[in-house]
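Student: The sequence and its predicted three-dimensional model are supplied below.
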Amino acid sequence: MAGSDDKKPTTFRVIENELDCDHCEARDRCPGSELSQSQLKQLSDITTTRGPFQSGQAIYRMEDHFRSLFVIQKGAVKIESVSEDGANMVDGFYFIGEMFGVDAIGDDYYRNDAIALETTWVCELPYTKLETLCTLLPELQRKIFMMLGHQIRKINENLVHNRSLSAEKRVLQFLETLSDSNVVKKNHQCQMQLPMSKGDMACYLGLRPESLSRALGKLSSDGVIRNHARKIELLQHNTSFELAYK
């Protein structure tokens, strides 16, 4: 948890498994998705698979020395920090194929905690080696810039644009984004298995837990969602319902 007294550097575990590039579920989303086989081999040579991290385990901690970026092979991660008044803040959620740790670029230390939300594997990309490889592979550099741009837009949307919306609209947009991007597990009834807790969701959306509960209740009573403990089913997914919650 962010703000923990335990500041010992996180011990990474290397594993031998079948989550190589040819078998990886994140293959079409990761930095190597647009590389040729020979170029992908160069990226693989500097990459190490880490995991499995179980729910609640740290991939890195605040004030660990910055040395690498990470891409999720499988699972989900939340990024936590501490506000000036000591409250824990959820700064973001990251899913399969997404890169995290980028906010530490140009700094000596990570400024937040990266916590697994479920059983998670990541690819560790040593930053100095990645930086060198990007000078040799413009395709890799372009892909990473695109990923960084996507993250900036997502952060800007949540922190700037969404905070002016009603609680119901914030929740609905968050759920629709998860559904549309296919980053969370769904069953045949189109129920999304949420890896994060409702408390984490509320914190990320800038809502109090009771406000999130009321928003979910309103969306449920209006027939937009069906709410379960850790599953949510989107029943309506169209513009008319979006306009109703401006």
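Tutor: It's in.
Student: going forward, measure contacts and count neighbours with C-alpha atoms only.
Tutor: Noted.
Student: which residues does Gly149 contact?
Tutor: Residues near Gly149 by C-alpha atoms under 8 Å, 6 or more residues apart in numbering: none.
Student: Using CSV, write out every CA atom in the strand or helix carrying it.
Tutor: Element membership for Gly149 (DSSP states H and E) is helix 138-156. The C-alpha trace of helix 138-156 is given here as CSV (Å, rounded to 0.1, in the frame of the first residue of the first chain):
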residue,chain,number,x,y,z
PRO,A,138,12.2,3.7,-35.1
GLU,A,139,9.1,1.4,-35.3
LEU,A,140,9.5,0.6,-31.6
GLN,A,141,10.0,4.2,-30.7
ARG,A,142,6.9,5.2,-32.6
LYS,A,143,4.8,2.5,-30.9
ILE,A,144,6.0,3.5,-27.4
PHE,A,145,5.1,7.2,-28.2
MET,A,146,1.7,6.1,-29.3
MET,A,147,1.2,4.2,-26.0
LEU,A,148,2.4,7.2,-24.0
GLY,A,149,0.0,9.4,-25.9
HIS,A,150,-2.9,7.1,-25.1
GLN,A,151,-2.1,7.1,-21.4
ILE,A,152,-1.9,10.9,-21.4
ARG,A,153,-5.3,11.2,-23.0
LYS,A,154,-6.8,8.7,-20.6
ILE,A,155,-5.3,10.5,-17.6
ASN,A,156,-6.5,13.9,-18.9
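Student: Any buried residues in that helix, and which?
Tutor: For helix 138-156, burial by neighbour count (16 or more other C-alpha atoms under 10 Å) applies to Glu139, Leu140, Gln141, Lys143, Ile144, Met147, Leu148, Gln151.
Student: Which of the residues you listed sits closest to Val171?
Tutor: Within the buried residues of helix 138-156, the smallest distance to Val171 is 19.1 Å, found for Gln151 (C-alpha to C-alpha).
Student: For the residue nearest the centre of the chain, give the beta-bridge partners.
Tutor: Centroid check for the chain by C-alpha atoms, centre = their mean gives Tyr94 as the closest residue, at 0.6 Å. Under DSSP bridges, the beta-bridge partners of Tyr94 are Val77.
Student: need the contact list for the spatially closest residue to Glu124 that is not a sequence neighbour.
Tutor: Once flanking residues are discounted, Glu124 sits nearest to Phe70: 4.7 Å by C-alpha to C-alpha, 6 or more residues apart in numbering. When contacts are counted by C-alpha under 8 Å, 6+ apart, Phe70 touches Met99, Phe100, Gly101, Val122, Cys123, Glu124, Leu125.
Student: quick one: which of these is most hemmed in?
Tutor: Val122 (27 neighbours; other C-alpha atoms under 10 Å).
Student: Tell me, how many residues neighbour Arg226?
Tutor: Number of residues near Arg226 (other C-alpha under 10 Å) recorded here: 18.
Student: Sticking with it, tell me its helix or strand.
Tutor: Secondary structure (DSSP H and E) places Arg226 in strand 225-227.
Student: looking at it, Tyr204 is touching Asn88, isn't it?
Tutor: No - using C-alpha atoms under 8 Å as the test, Tyr204 is too far from Asn88 to be in contact (10.5 Å).
Student: And those two? Which one has more around it.
Tutor: Neighbour totals were compared for Tyr204 and Asn88, and Tyr204 leads with 21 against 16 (other C-alpha under 10 Å).
Student: Tell me who's in contact with the more buried one.
Tutor: For Tyr204, the contact set (C-alpha under 8 Å, 6+ apart) comprises Met89, Val90, Asp91, Gly92.
Student: what about the strands in this structure?
Tutor: Applying DSSP state E to the chain gives strands spanning 48-53, 58-60, 68-74, 77-82, 88-94, 99-100, 113-116, 120-126, 185-186, 191-193, 225-227, 231-234.
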